[in-house]
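>>> starting from these lines, generate the structure:
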Amino acid sequence: SSGINAEWLLAAQSVLGGDPEMLGNDGRVEELWAIKAMEHAEVYFNLLCSVEPARLKLSGSQELDDKIYKDYKESFPNLNTGKLTEDDLKNEKAKVEWREFSNRYKDVEDFSLGSLLRMDSTKDYSEENTMLAIKIQFFAIEIARNKEGLNDTLT
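Residues are numbered from 1 along each chain as shown. You can find the predicted model right below:
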């Protein structure tokens with residue numbers, strides 16, 4: 001699929017309907033963020049479908065990808081990386097743990113920018129399979145999925 005279609009917009013709309021604290025009050029900012037997040041998600045998914053996922057460097061550097069991956073596995077050893085729930089990122093305990101993890105990556109460009117994250121790694125972005133995350137969460141989870149072969153079914 002190319003471009004932004006109705007399903008993309010519905011997925012983004014449902015995700016944006018979530019936590020208003022993350023978005024501020026300006027409707028134009030929300031709209032621009034949603035478009036940017038959807039474009040990023042679409043480019044990423046197209047890459048996953050055309051390139052061997054293990055070869056992708058999400059952070060731009062293999063060294064940083066490896067560091068994020070190691071830290072993620074140590075910080076969240078029991079997280080089901082392939083099939084997440086909103087609760088895995090958003091319950092009170094998870095929020096504290098993710099905040100500590102994220103703060104270690106303040107030097108990563110746009111580390112706290114909103115991103116769309118697929119909950120089930122075997123499926124495309126859709127309203128039911130998309131949640132809002134910050135970029136460093138997206139990096140950590142998708143780097144792990146790529147390294148562990150969880151995105152291989154998409155190629």
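>>> helices and strands of this structure: which one bottoms out on pLDDT?
Here the helix or strand of the chain ranked lowest by mean pLDDT, DSSP states H and E is helix 6-16, holding a mean of 57.
>>> and the next element down the chain from the lengthiest helix in the chain?
What stands out as the longest helix in the chain, according to DSSP state H, is helix 27-50. Using DSSP states H and E, the helix or strand that follows helix 27-50 towards the C-terminus is helix 62-75.
>>> other SSEs contacting that next one?
With contacts taken as 3 or more C-beta pairs under 8 Å, 6 or more residues apart in numbering; DSSP states H and E, helix 62-75 sits against helix 92-103, helix 135-147. C-beta here means a position set from N, CA and C on the backbone, and glycine is covered the same way.
>>> give me the contact list for the shortest one.
Looking back up the chat, that one is helix 92-103. The contact list for helix 92-103 (C-beta atoms under 8 Å, 6 or more residues apart in numbering) reads 71-72, 75-76, 87-89, 111-112, 134, 136-137, 140.
>>> also stretch 57-64?
By C-beta under 8 Å, 6+ apart, the residues outside stretch 57-64 that reach it are 65, 68, 108, 138-139, 142-143, 146.
>>> in it, what's buried?
The neighbour-count criterion (16 or more other C-beta atoms under 10 Å) identifies 58-59, 64 as the buried residues of stretch 57-64.
>>> equivalent analysis for stretch 147-155, please.
Judged by neighbour count (16+ other C-beta under 10 Å), stretch 147-155 contains these buried residues: 147-148, 150-151, 154.
>>> give the contact list for the residue nearest the centre of the chain.
Geometric centre of the chain, nearest residue: F138, 2.8 Å, by C-alpha atoms, centre = their mean. By C-beta under 8 Å, 6+ apart, the contact list for F138 reads 58, 115-117.
>>> out of those, list just those in strands.
Counting by DSSP state E, the part of these found in strands is 115-117.
>>> closest to E42 out of those residues?
L116 (9.3 Å; C-beta to C-beta).
>>> show me what contacts the residue nearest to the closest one when sequence neighbours are not counted?
Nearest non-adjacent residue to L116, counting by C-beta to C-beta, 6 or more residues apart in numbering: A41, 4.3 Å away. Applying C-beta under 8 Å, 6+ apart, one finds that A41 lies in contact with 8, 115-116, 125, 130.
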